[in-house]
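Colleague: predicted model, plus sequence, below.
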Amino acid sequence: MPTLPSSSSWPHSSSSPSISSPLQRAVGVAKRVLSASSSSSASLPFDDRDSSHTSEGNSDSLSADEGSDFEDSFNCSVKKRAAKQPPKTTPVAKHPKKGSRVVHRHSRKQSEPPANDLFSAVKAAKSDMQDSGDYPLTAPGPSWKKFQGSFCEFMRTLVCQCQYSLLYDGFPMDNLISLLTGLSDSQVRAFRHTSTLAAMKLMTSLVRVALQLSLHQDNNQRQYEAERNKGPGQRAPERLESLLEKRKELQEHQEEIEGMMNALFRGVFVHRYRDVLPEIRAICIEEIGCWMQSYSTSFLTDSYLKYIGWTLHDKHREVRLKCLKALKGLYGNRDLTTRLELFTSRFKDRMVSMVMDREYDVAVEAVSLLILILKNMEGVLTDTDCESIYPIVYASNRALASAAGEFLYWKLFYPECGIRTIGGRERRQSPGAQRTFFQLLLSFFVESELHDHAAYLVDSLWDCAGAQLKDWESLTSLLLEKDQNLGDVQESTLIEILVSSARQASEGHPPVGRVTGRKGLTSKERKTQADDRVKLTEHLIPLLPQLLAKFSADAEKVTPLLQLLSCFDLRIYCTGRLEKHLELLLKQLQEVVVKHTEPAVLEAGAHALYLLCNPEFTFFSRADFARSQLVDLLTDRFQQELEELPQSSFLDEDEVYNLATTLKRLSAFYNAHDLTRWELYEPCCQLLQKAVDTGEVPHQVILPALTLVYFSILWTLTHISKSDASQKQLSSLRERMVAFCELCQSCLSDVDTEIREQAFVLLSDLLLIFSPQMIVGGRDFLRPLVFFPEATLQSELASFLMDHVFIQPGDLGSGNSQEDHLQIERLHQRRRLLAGFCKLLLYGVLEMDAASDVFKHYNKFYNDYGDIIKETLTRARQIDRSHCSRILLLSLKQLYTELLQEHGPQGLNELPAFIEMRDLARRFALSFGPQQLQNRDLVVILHKEGIKFSLSELPPAGSSDQPPNLAFLELLSEFSPRLFHQDKQLLLSYLEKCLKHISQAPGHPWGPVTAYCHSLSPVENTAETSPQVLPRSKKRRVEGPAKSNREEISSSQEESLQLNSIPPTPTLTSTAVKSRQPPWGLEEMEEEDDSELDFAQGQPLTGTQRSRFLGSQSIQTPHNPSGPGLGNQLMRLNLMEEDEEKEFEIQDESSEEWQDTDVQGSTYSSPRERRLDLLDSTELDIEDF
């Protein structure tokens, strides 16, 4: 029997060391319960009102029991059970111990002790647990998790030890079942959860006993028939009589067990499978699945299956998961599937739809369940059902995609070409079956048109059909056949399947965008991967030149074939004496590079040659010679074409094309190989300088020339970084870099879009490389290379961003897929430009104030660049919080000034652009996060600077118009919820003093001033914390003095600082009616605010006191009986209920933040002194007005 930790070892509560926690007291009560007499009965008052117990469809049973005493209902249930069964003697165990007595049911009253001890213990435990959400089943820590397993094992052992004696006595089990039934209907969550778990485990143990009794009855029947069929001389009458008595005893035992199971099922399961607590629902579904699997004769019927079917629609992930796992145990047994036909027809649509569940683990289990249905129930899943599962093979979650791939394999591939096992060993397939497999795979991928990349399909099928996908012999034979009937699309798909399977076998990584969740491979998997790599290399080394020769004219096919080299173990070229195949490969590689100009082909060829030119290989000299030959050829062409350029006054298209393609090839190889010794920098710079000066160079030539110069600078920097360079080398590199920056700066204003964007990308990357970051890591000798752009270059970069990035694109979905694709590509390019500019800001290359040009477009371009701007804003705040808040204010000032210059001050706040500015200010306010104390200084200073800006310009003398910038106060009002109540009052005073210095102020208040003051008033604060807008902290109801203390402590002021954009309030866990406090009048509320504010200014506040003080500001409601918000505000007061532990955590965290703030500003000894320093008259420059 599991033991609970002693009360001395239980950790004390942090809030009161001298008082034990509710969970500790519950453990002590449990000890007293264990020490009570085993025959005592328990009772519990049914008066706790934890609404967590309230469940859907269970209100009838609850209403019947509310207001009644649990002890009475408990005794009543015992009497009813006793009345249903006639008194009888408990059957004796098979092997009773010597001296044991038979306990009779009629002697129960004589031996029953008083029930007061257990009743009092349970009642005390309930009063202790109602204030805390912690109890052993939910308490954190490994010891309590072990306790739950031990508790379940105890219930199983209890029934196992009592199955021959006390189990049929009637008294212990009746009392235990009645106790668990009553507690499972309790409104105390701890009792209900624990008793339900105990009852379900008890039921599972009883099912096992019933199954054993059924087997014993069958054995008894066979023995009886065998004895009766004997001849008259061999038949033993005593044996027949004993067998009949044994049969009668077993039947009585079976009836007893069935009565207990029926009581538990109807008294606990029927009510708790729809409990509001998902853990309880999951327990019920898990156990009923066990009953159906172990005792299918009694439980695998539609009357029990319907509970699982109904719960498939549960809104909680864990419950749906338990349902699917229970059904997997049933559908996995082919003998049980015949009893599931009606259930399958009723709930098949739901099971199929669950493959699209939002929880990936639930969807994976749903697909696994459908695989079992597909295997064991032929014809149940229609083609429509299967077609809804096929697209999941391209899902981003690999577990789900692999499950869908297994379903696809068993549905389409296994009937035709599945690998069968003979004698426990896999039988090798014939080549015809393998060809059939790949043909089916091709037809599925091409005809379904679900995706453009076969790599995801290969990855989905890898776990179930990896052996077939690694049959590279069949793949290459299909590709190299002369009389094949494959089309162009099928050939491309087959090549992609070959490359994907090779990459999967050699690297083990899934395609881009699909995450496995695994951190590494096991030793066995690494060995398998190495063996597959060797096998792949040995097979494809002789065939790769043939494949390149056959498909060299098609860029789409030759590119993935060149990528195969990254999957090879290239050392086999040496160890296997395959140099002749290397020569053929290098020859084909040169032909491919000379023949194609597509960037993808050139990049793949350059990378393949880079892999072969590794100095560690013995064939390095051959690969290096081939590379030198190729670069010499390209360089000679470039020099020849460059010499012809200034001689001809007019270049035809062929000459321009030849020069551009040569530069493209050299640029692609310069990216992967060091071509410094060919000295391409000077001729390319001259070509670019001529393009800038005269504009006669075609743009097709300028683009690769820019890239060549860029790579030349980077390779030179690489050589200098590896060794101590001389001052001459550093100055030469700096001159080259500065000259290239000037060329790129000139290209920013080019008429060609591609040239402008390429110059911006190269310039931003180069400025980032030569930023102060380059000397980090002990490379201080590179300090002369650090380059800071001039103001003109910074302004041009910002202007480029405004003119070519923050532009309104066309609408997608116009019906033209090609046009939509081009727009998406353009959007990706603009995002790349913006990301480059933001990196320059964060690394200090550009002034951080330039970030205002980015932040002011946060709301307008949120769909296109919202993630980039948000990340930039977050990083900028991490660098300097104060400077970042000033940049946010600067962004709003810039937008406001632009709008003011365009439309004038009249009716400015009614324009749609001004409304967008308010939305932007709201997003900026949300970016400060929940750290109210940490951002207190920043928000106050932001308001101060905003007020100064709104009153910085005055209307003409003698005019009654409001100041032109006064509407800016409406933007500031969006930051008001981030202020403390004390700071709001002081800002109101500051604004009033500032307005006094304006002689043109009219007699009636201006609209923006009124709106801003309203955002700083307590009434506005109350409106912001409406229950429809944000979730309020809840507190549990406590008895006696604790209840009065709860009424004094209200929710934290920090929650009132949230905005109206927060999602709706989640469902509360309690609807119990609390004692209502009458709302105060507005005048009384203002007086109360003033008195509490004076108190706060007079002395420092602790964490708990400050929480109470700030909370009292947020629950005051003006007295308006007829107002529509009165009921909502009263409901907010009545529905605040939360665990005390969470409340203490919030208060402790607030106290720590307050202490951290005080440490940072050590000159402040109290909140009063801190506020005076922030809003001092000299600090705020009131005299400026």
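Modeller: Arrived safely.
Colleague: dump the residue contacts of the residue nearest in space to the middle of the chain.
Modeller: Computing the C-alpha centroid of the chain and ranking residues by Cα atoms, centre = their mean puts E359 first, at 10.3 Å. The contact partners of E359, taken as Cβ atoms under 8 Å, 6 or more residues apart in numbering, are R317, R320, L321. Where you see a C-beta, it was placed from the backbone N, CA and C, and this is true even at glycine.
Colleague: in JSON lines, list these along with secondary structure, pLDDT and distance to I572.
Modeller: Below are the contacts of E359 laid out as JSON lines (DSSP: H, G, I helix; E, B strand; the rest coil; pLDDT from 0 to 100; distance: Cβ to Cβ, whole Å):
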{"residue": "R317", "secondary structure": "helix", "pLDDT": "94", "distance to I572": "49"}
{"residue": "R320", "secondary structure": "helix", "pLDDT": "96", "distance to I572": "51"}
{"residue": "L321", "secondary structure": "helix", "pLDDT": "96", "distance to I572": "48"}
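Colleague: and those residues, which of them are buried?
Modeller: Neighbour counting with 16 or more other Cβ atoms under 10 Å marks R317, R320, L321 as buried within those.
Colleague: separation between the second one and M354?
Modeller: Read it as R320. R320 sits at a distance of 7 Å from M354 (criterion: Cβ to Cβ, to the nearest Å).
Colleague: the last one now?
Modeller: In this structure, L321 and M354 are separated by 10 Å, where distance is defined by Cβ to Cβ.
Colleague: what do the two both touch?
Modeller: Common neighbours of L321 and M354 (Cβ under 8 Å, 6+ apart) are V362.
Colleague: quick one: secondary structure of the residue of the chain most remote from its centre?
Modeller: Farthest-out residue of the chain from its mean C-alpha position, per Cα atoms, centre = their mean: G233, at 79.3 Å. Classification of G233 by DSSP: H, G, I helix; E, B strand; the rest coil places it in coil.
Colleague: per-residue confidence at it?
Modeller: The model reports G233 with a pLDDT of 74.
Colleague: ok, it - contacts?
Modeller: G233 touches nothing, counting by Cβ under 8 Å, 6+ apart.
Colleague: the one 3 residues further on now?
Modeller: Going by Cβ under 8 Å, 6+ apart, A236 touches E227.
Colleague: tell me how far it lies from N219.
Modeller: Using Cβ to Cβ, A236 is found at 18 Å from N219.
Colleague: repeat that for G778.
Modeller: For G778 relative to N219 (Cβ to Cβ), the value is 84 Å.
Colleague: equivalent analysis for F154, please.
Modeller: 30 Å.
Colleague: need the phi and psi values for N397.
Modeller: phi -80, psi 120 (degrees, to the nearest 10).
Colleague: would you agree it is in contact with Y360?
Modeller: Yes - with contact defined as Cβ atoms under 8 Å, N397 reaches Y360; the gap is 4.7 Å.
Colleague: now W678, nearest residue through space, not along the chain?
Modeller: Nearest non-adjacent residue to W678, counting by Cβ to Cβ, 6 or more residues apart in numbering: T635, 5.1 Å away.
Colleague: low-confidence ranges, this structure, go.
Modeller: Filtered on pLDDT under 70, the chain yields the residue ranges 1-119, 121-133, 417-431, 646-651, 810-816, 956-960, 999-1004, 1018-1185.
Colleague: ok, now which ones touch Y295?
Modeller: Applying Cβ under 8 Å, 6+ apart to Y295 gives the contacts V207, A210, L211, S214.
Colleague: then E525?
Modeller: With contact taken as Cβ under 8 Å, 6+ apart, E525 is in contact with G508.
Colleague: now do the buried residues in the top helix by length along the chain.
Modeller: When the chain is parsed with DSSP state H, its longest helix is helix 189-228. With burial defined by 16+ other Cβ under 10 Å, the residues of helix 189-228 counted as buried are 189-211, 213-214, 216-217, 220, 223-224, 227.
Colleague: so what secondary structure elements neighbour that helix?
Modeller: Helices and strands touching helix 189-228, by 3 or more Cβ pairs under 8 Å, 6 or more residues apart in numbering; DSSP states H and E, are helix 116-129, helix 142-162, helix 171-184, helix 237-264, helix 278-294, helix 296-299.
Colleague: of all those helices, which lies closest to P784?
Modeller: Smallest distance to P784 across the helices and strands packed on helix 189-228 (Cβ to Cβ): 59.0 Å, for helix 142-162.
Colleague: could you tell me the angle between that closest one and helix 189-228?
Modeller: Counting by axes from the mean of the first three to the mean of the last three Cα atoms, to 10 degrees, helix 142-162 lies at 30 degrees to helix 189-228.
Colleague: same question for helix 142-162: list its buried residues.
Modeller: Buried, per 16+ other Cβ under 10 Å, within helix 142-162: W144, F147, Q148, F151, C152, M155, L158, V159, C162.
Colleague: dump the helices and strands packed on helix 189-228 to JSON lines, plus distance to H271.
Modeller: Conversion of the helices and strands packed on helix 189-228 to JSON lines gives the following (distance: least, Cβ to Cβ, whole Å):
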{"stretch": "helix 116-129", "distance to H271": "19"}
{"stretch": "helix 142-162", "distance to H271": "19"}
{"stretch": "helix 171-184", "distance to H271": "7"}
{"stretch": "helix 237-264", "distance to H271": "11"}
{"stretch": "helix 278-294", "distance to H271": "9"}
{"stretch": "helix 296-299", "distance to H271": "18"}
